[in-house]
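Novice: Predicted model follows, preceded by the sequence.
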Amino acid sequence: MALNVADLLEHAVDAVPDRTAIICGDRQVTYRELDERANRLAHHLASRGVGKGDHVGVYSRNSIEALETMIATYKLRAISVSINYRYTAEEVRYIVDNADLVALVHERRYADIVAEVLPQTPKLTDVVVVDDASDADFSRYNGVEYNEAIAAQSPERDFDERSSDDTYILYTGGTTGFPKGVMWRHEDVWRALGGGINHVTGEYVKDEWELANNAKQSPVGIVMAPLSPLIHGAAQWAAFIALNSGGTVVFIPQFDADVVWQTVEKHRVNVLTVVGDAMAKPLLDAYKAGSYDSSSLWAFTSHAALFSQSLKQEYLELFPNVFITDVIGSSESGGTGLGVVTKDSDHSQGPRVKFSAQAALIDDDGNLVEPKPGAIGRMARTGHVPIGYYKDPEKTKTIFVETGGKRYVVPGDYARYEEDGTVTLLGRGSECINTGGEKVFPEEVEGALKSHPDVFDALVIGLKDDRYGQTVAAIIQPRSGATIDLTELDAHARTKIAGYKAPRSYWTVDEMMRQPSGKANYPAAKKYAAEHADEAASPR
């Protein structure tokens, strides 16, 4: 039994070949077409020398071709590496070099950056270009047009046997530092992120054919729309969860709230996955302003960023029959906890979830934290965990600990045990603010600020202070048309958090500093505060 990403997808192809697999804009492909196109691309890459263990870059917005490329690499036992499409040439060069890419599939619109990077990255010798109606010149580096490349190859599925031990890599920028390649075994990442374990019950999917057999018995499959970019692990695995179970993946190349609701209505989407408030707020505003049929929607899931309680309440009011959840985890840990949103829940200080069966809290000395109310520790996960960071054994040592005879991955996010057995996510330890000896976690304060009706988004940072070491500061983005009274906002925040956690300084911006995945960009927020120090405002 090979619990391999390509094998699991092929089982679904064989079970429901004529069902629609992916929809993107006006295009769509069936499972059979998806498989044949991925086979053709795999044969093209193989003809250029790509094989087991080689790394192939995917530099694209969400598209059919992007997912086909990932599948094609897995069919060859090669490794797909997604590149953030918003990166500058220097950032792209870093990924190409650090990941040891030998081939690249990119949208044509990025040809100028690729042309700049290629002379500096000699290992990258083969480039396939996806037409996107732009006119950038890719002839200067002998790029091969995607459809031409696959048209010349066989659609047959005639590849070597694969293994559960094949490698999957997900590059993650996190919130600080250079992007890092998180290495997983295929079975482990499927168990941790792809539905191979029921995160509510902890039960394993025991048979690799189970999902495909279920798909075959069902007349229709789930229609899933992952809205974050495929550079994000949550989007990749939302897509694979849908495909492995015979569902349909609906892509929107670039996030637009009105287009999302039009797509929900047109394609009868069942599940939307978003990245916290950064996507959930504009979606809510667009829904209120428009007139859309959302009757097909039965689940709405937020992951990877704070989904504030005030916004959850608005969703519950508008979509009383929709199952709304918070999922916490990381590229290094996989799914760590799941929270079901209800009207009586209070997540104002951060996402509050039930831990998965493999999760725990670990203290700074590497010991398990006793699960009693108020106890704080770093979130950890055991069982199916990553191999480590690609080409970075020293960094790998920093996120793995062994305790109680088990190996845990500990990415660095802190959480607190609550009285009801849940945990509250407090935020990244590296961003923790020490003010007068008291620890303040940014996400806790951000949750309190974003529960105010006039606040659209917020990031909280620490500023140097001669007396306290650091003071708490916030960058806020008001809701459209709103004017924020800082004295009122301060009073509101103090009803949610202790007074020493309330920001002393504020900056107001039109657009928040976030990565394409929706994650907080704390370095950019700190830089903005430093460059606009004379514009800081105080609530008192």
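Specialist: On my side now, so go ahead.
Novice: any idea where the helices of the stretch 201-350 of the chain begin and end?
Specialist: With DSSP state H, counting those that start in this stretch, the ranges of helices along the stretch 201-350 of the chain come out as 210-217, 233-244, 257-267, 276-289, 309-318.
Novice: Quick one: list the elements packing against the fourth one.
Specialist: Think helix 276-289. helix 257-267, strand 271-274, strand 299-303, helix 309-318, strand 455-465 (3 or more C-beta pairs under 8 Å, 6 or more residues apart in numbering; DSSP states H and E). The C-beta positions use only the backbone N, C-alpha and C, and glycine is treated the same way.
Novice: wait, residue 520 sits on residue 513?
Specialist: Yes: with contact defined as C-beta atoms under 8 Å, residue 520 counts as touching residue 513 (7.5 Å).
Novice: okay, and the common contacts of those two?
Specialist: Here residue 520 and residue 513 have residue 459 as joint contacts, going by C-beta atoms under 8 Å, 6 or more residues apart in numbering.
Novice: longest helix of this structure?
Specialist: helix 31-47 (DSSP state H).
Novice: residues in contact with the nearest residue to residue 222 once chain neighbours are set aside?
Specialist: Spatially, and ignoring its direct neighbours in sequence, residue 222 is nearest to residue 247 (3.8 Å; C-beta to C-beta, 6 or more residues apart in numbering). By C-beta under 8 Å, 6+ apart, the residues touching residue 247 are 215, 221-224, 241.
Novice: Could you report the pLDDT at residue 247?
Specialist: Listed pLDDT for residue 247 reads 96.
Novice: what's the distance between it and residue 23?
Specialist: Relative to residue 23, residue 247 is positioned 11 Å away (C-beta to C-beta, to the nearest Å).
Novice: cool, and residue 111?
Specialist: Residue 111 is 26 Å from residue 23, where distance means C-beta to C-beta.
Novice: Lowest-confidence one in the contacts of residue 247?
Specialist: Lowest pLDDT among the contacts of residue 247: residue 215, 83.
Novice: neighbours of the closest residue to that residue other than its chain neighbours, just the number please.
Specialist: Leaving out its chain neighbours, the residue that sits closest to residue 215 by C-beta to C-beta, 6+ apart is residue 246, at 2.5 Å. By the criterion of other C-beta atoms under 10 Å, residue 246 has 25 neighbours.
Novice: same check, this time on residue 527
Specialist: 12.
Novice: Where does it fall, secondary structure wise?
Specialist: Element membership for residue 527 (DSSP states H and E) is helix 522-531.
Novice: coming back round to it: name the nearest of the contacts of residue 247 relative to residue 534.
Specialist: residue 224 (47.5 Å; C-beta to C-beta).
Novice: For the nearest residue to residue 23 once chain neighbours are set aside, give its distance to residue 242.
Specialist: Leaving aside its chain neighbours, residue 23 sits nearest to residue 250 (4.8 Å; criterion: C-beta to C-beta, 6+ apart). Residue 250 sits 9 Å away from residue 242, going by C-beta to C-beta.
Novice: hey, what's in contact with both of these two?
Specialist: Joint contacts of residue 250 and residue 242 (C-beta under 8 Å, 6+ apart) are 223-224.
Novice: out of those two, which sits in the busier spot?
Specialist: Shown here are residue 250 and residue 242; by other C-beta under 10 Å, residue 250 has more neighbours (29 against 25).
Novice: does residue 497 really touch residue 445, like I thought?
Specialist: Yes: with contact defined as C-beta under 8 Å, residue 497 and residue 445 form a contacting pair (6.1 Å).
Novice: Leaving out sequence neighbours, find the closest residue to residue 124.
Specialist: residue 101 (5.0 Å).
Novice: can you check residue 227 too?
Specialist: residue 274 (5.2 Å).
Novice: The stretch 301-450 of the chain: strands as residue ranges?
Specialist: 323-330, 334-340, 352-355, 359-362, 376-381, 388-389, 400-403, 406-409, 413-417, 423-428, 433-435, 438-440 (DSSP state E, counting those that start in this stretch).
Novice: Buried residues, the first one. List them.
Specialist: Residues of strand 323-330 classed as buried under the neighbour-count rule (16 or more other C-beta atoms under 10 Å) are 324-330.
Novice: The second one too?
Specialist: For strand 334-340, a neighbour-count test (16+ other C-beta under 10 Å) marks 334-339 as buried.
Novice: distance between that strand and the chain's centre?
Specialist: 13 Å (C-alpha atoms, centre = their mean, to the nearest Å).
Novice: next one: stretch 186-204
Specialist: With C-alpha atoms, centre = their mean, you get 17 Å for stretch 186-204.
Novice: can you check stretch 425-436 too?
Specialist: For stretch 425-436, the distance to the chain centre is 22 Å (C-alpha atoms, centre = their mean).
Novice: Touching that stretch from outside, list them.
Specialist: Contacts for stretch 425-436 (C-beta under 8 Å, 6+ apart): 174-176, 328, 337, 349-353, 376, 378-379, 412-416, 439-444, 460-462, 465, 467-472, 500, 522.
Novice: if we can go back for a sec, which one of the contacts of residue 247 is nearest residue 161?
Specialist: residue 215 (23.0 Å).
Novice: Just the pLDDT at the residue nearest to residue 23, thanks.
Specialist: pLDDT, residue 250: 98.
Novice: just to revisit the earlier point, for the residue nearest to residue 222, what are phi and psi?
Specialist: Here is the backbone geometry of residue 247 (degrees, to the nearest 10): phi -90, psi -170.
Novice: For it, give its distance to residue 317.
Specialist: Residue 247 is 28 Å from residue 317, by C-beta to C-beta.
Novice: What of residue 465?
Specialist: 41 Å.
Novice: And these two? Which one has more around it.
Specialist: A count of neighbours by other C-beta under 10 Å puts residue 465 above the other of residue 465 and residue 317, at 14 against 9.
Novice: mind checking the SS state of the residue lying closest to that one once chain neighbours are set aside?
Specialist: Leaving aside its sequence neighbours, residue 465 sits nearest to residue 471 (C-beta to C-beta, 6+ apart; 4.4 Å). Three-state assignment for residue 471 (DSSP: H, G, I helix; E, B strand; the rest coil): strand.
Novice: what sits against residue 471?
Specialist: Residue 471 touches 435, 462-463, 465, 504-505, counting by C-beta under 8 Å, 6+ apart.
Novice: Residue 255 now?
Specialist: 227, 279.
Novice: what's it sitting at in phi/psi?
Specialist: phi -60, psi 130.
Novice: Also residue 467?
Specialist: Backbone phi and psi, for residue 467 under degrees, to the nearest 10, turn out to be phi -90, psi -50.
Novice: can you pull out the strands in the stretch 51-200 of the chain?
Specialist: Under DSSP E, counting those that start in this stretch, the stretch 51-200 of the chain gives strands at 55-59, 79-82, 101-107, 126-130, 144-145, 167-172, 180-185.
Novice: per-residue confidence at the residue nearest to residue 262 when sequence neighbours are not counted?
Specialist: When the adjacent residues along the chain are set aside, residue 262 lies closest to residue 292, with 7.1 Å between them (C-beta to C-beta, 6+ apart). Listed pLDDT for residue 292 reads 96.
Novice: thought residue 292 was touching residue 261?
Specialist: Yes: shown here, residue 292 and residue 261 form a contact pair, counting by C-beta under 8 Å, at 4.1 Å.
Novice: Looking only at neighbour counts, state which of the two leads.
Specialist: More neighbours surround residue 261 than the other of residue 292 and residue 261, with 22 against 16 (other C-beta under 10 Å).
Novice: got a list of what that one touches?
Specialist: 283, 286-287, 290, 292, 294.
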